[in-house]
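Enquirer: Got a predicted structure plus its sequence, pasted below:
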Amino acid sequence: MTSSTKLGEYFGIPVRLHNTWFVAAFLIIATLVLTLRGLYPWWQNVILGILAAVLFFGSMCGRVLAQSAVATKRRMPVQSITLYPFGGMFRINEQDIRPGSSVLMAITGPAANFVIAGIFYIAILLSFGNMMAALVEWPSYFNVMIALFNFIPALPLDGGWVLRAALHVATADFVRSTRIATVTGWIISFIVIAAGLISIFVARNWFAGVATAAMGWFLADATTATRRQTLIRNALRGMSAQDLMTDDFTQIKQQLTFSVVRDYIINSGQHTFVAIEDGKLRGMVTLGDTQIHPTNWETTHISDIMTPAGLLKTAAPDDPSSDILEQMDDYDIDQIPVVQNDKLLGMVTRERVMRFLRARAVLKA
């Protein structure tokens, strides 16, 4: 996921920040600087713009938190979240998605925006027209706009969740419903971009035009990611971890010092090494773990640099391979051990999964 930045793991859910947020933050800051020009010194306008962007980001986090709570309450566990300027893109396993819960989750998003906008509006009334009013006025406006924007029936917007739920009930085909909702989103995103360009070059409304075109671009990027995810899931349908795992992994003794095994690691050509004792997986070492200062080679054992088995992301033999690939994206890892009763059965690597996808694409072509 080169288009997003990992923020960390919260409540057990990996959260990523999509890079379109940097564009959105710049637009918010520029908007306040231009709008408040002449009212305050330019440097105060910049500070107000930064604070407004932070408040808007916080409100989007509140929106995502509310939707995550609903999803968890309705037994639709969220596997990961990618934050976009219009809300969150949730990864939920296909088998956990249900139409009724999807609609409730979709309603929660705009409702949260309206509540947050109302809180900001109350703050405006209490500020009596001072600088605080200028600060919270724009986040209030942005929340209303985001709530209305999410009514568009295009995945991954809230309206797209409702559209997919309706299609799922009508067709009983989740994959087809998702495909239709993403195609609809792709078409609408380019309509929105075109509307923004018309506003810029025909109506000469630069602010509205740039904001509209930017939202269309954000939607197009998110829809493309959703569609790609759907295509990959469909291509890997029926494939489990044991179907794609390889037993071509290199074992290494955790009691050995790095100085003893350094040349072995370098000459092996492998990127990952596993520590196995008594037939059970004890830990894993990657090349990134071997960046040790030469003065510490003699005193550093493999057990000191390996990731213990209890901290590794592992898979069971019957886990869907699509879930494993998405988990690799969520945690920025390139391999996941397949374990049963603490015994290492094999390794699913990103490279092996991608080779399978390329081969399937060629054969279907």
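Expert: In hand now; what should we look at?

Enquirer: what's the span of stretch 67-78 from first residue to last?
Expert: 10 Å (C-alpha to C-alpha, to the nearest Å).

Enquirer: mind listing what's buried in that stretch?
Expert: For stretch 67-78, a neighbour-count test (16 or more other C-beta atoms under 10 Å) marks Gln67, Ser68, Val70, Ala71, Met76, Val78 as buried. Just so you know, the C-beta spots here come from the backbone N, C-alpha and C atoms, and that holds for glycine as well.

Enquirer: what does stretch 99-114 give?
Expert: Within stretch 99-114, the residues that qualify as buried are 99, 101-106, 108-113, counting by 16+ other C-beta under 10 Å.

Enquirer: Present the residues you listed as CSV; the columns should include secondary structure and pLDDT.
Expert: Shown next, in CSV, are the buried residues of stretch 99-114 (DSSP: H, G, I helix; E, B strand; the rest coil; pLDDT from 0 to 100):
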residue, secondary structure, pLDDT
Pro99, helix, 90
Ser101, helix, 91
Ser102, helix, 92
Val103, helix, 94
Leu104, helix, 95
Met105, helix, 93
Ala106, helix, 93
Thr108, helix, 96
Gly109, helix, 95
Pro110, helix, 95
Ala111, helix, 96
Ala112, helix, 96
Asn113, helix, 96
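
Enquirer: just these now: which is nearest Leu51?
Expert: Asn113 (19.1 Å; C-beta to C-beta).

Enquirer: nearest residue to that closest one other than its sequence neighbours?
Expert: Ala147 (3.7 Å; C-beta to C-beta, 6 or more residues apart in numbering).

Enquirer: do Ala195 as well
Expert: Thr212 (5.6 Å).

Enquirer: give me the number of residues near Leu312?
Expert: Per other C-beta atoms under 10 Å, the neighbour tally for Leu312 reads 17.

Enquirer: Apologies, that question was intended for Arg37.
Expert: 10.

Enquirer: of all the buried residues of stretch 99-114, which two lie farthest apart?
Expert: Pro99 and Asn113 (22.6 Å).

Enquirer: tell me the strands in the protein, going along the chain?
Expert: Taking DSSP state E as the test, the strands found in the chain are 4-10, 13-18, 78-84, 87-92, 250-251, 272-277, 280-286, 307-308, 335-340, 343-349.

Enquirer: okay if I get those strands as TSV plus mean pLDDT and distance to Ile232?
Expert: Compiled in TSV, these are given as follows (pLDDT from 0 to 100; distance: least, C-beta to C-beta, whole Å):
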stretch	mean pLDDT	distance to Ile232
strand 4-10	86	17
strand 13-18	91	17
strand 78-84	92	14
strand 87-92	90	12
strand 250-251	84	28
strand 272-277	88	23
strand 280-286	90	24
strand 307-308	92	26
strand 335-340	92	16
strand 343-349	91	14
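
Enquirer: Which among the ones you listed is found nearest to Thr314?
Expert: Proximity to Thr314 (C-beta to C-beta) singles out strand 335-340 among those, at 4.5 Å.

Enquirer: Which elements pack onto the closest one?
Expert: helix 241-244, strand 280-286, helix 321-331, strand 343-349 (3 or more C-beta pairs under 8 Å, 6 or more residues apart in numbering; DSSP states H and E).

Enquirer: For those, could you give me CSV that also reports mean neighbour count and distance to Ala52?
Expert: Shown next, in CSV, are the helices and strands packed on strand 335-340 (neighbours: other C-beta atoms under 10 Å; distance: least, C-beta to C-beta, whole Å):
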stretch, mean neighbour count, distance to Ala52
helix 241-244, 19, 46
strand 280-286, 20, 42
helix 321-331, 20, 30
strand 343-349, 20, 44
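
Enquirer: Of these, give the one that comes closest to Arg37.
Expert: The nearest among these, by C-beta to C-beta, is helix 321-331 at 42.5 Å.

Enquirer: For the closest one, what is the distance to the chain centroid?
Expert: Average the C-alpha atoms of helix 321-331, do the same for its chain, and the two points are 11 Å apart (C-alpha atoms, centre = their mean, to the nearest Å).

Enquirer: Stretch 318-335 too?
Expert: 13 Å.

Enquirer: Residues contacting that stretch, please?
Expert: 1, 6, 14, 16, 79-80, 91, 93, 229, 232-233, 236-237, 239-244, 271-272, 313, 315, 336, 338, 347-351, 353 (C-beta atoms under 8 Å, 6 or more residues apart in numbering).

Enquirer: does Ile292 really touch Phe258, like I thought?
Expert: Yes - look at Ile292 against Phe258 with C-beta atoms under 8 Å: they come within range, at 5.7 Å.
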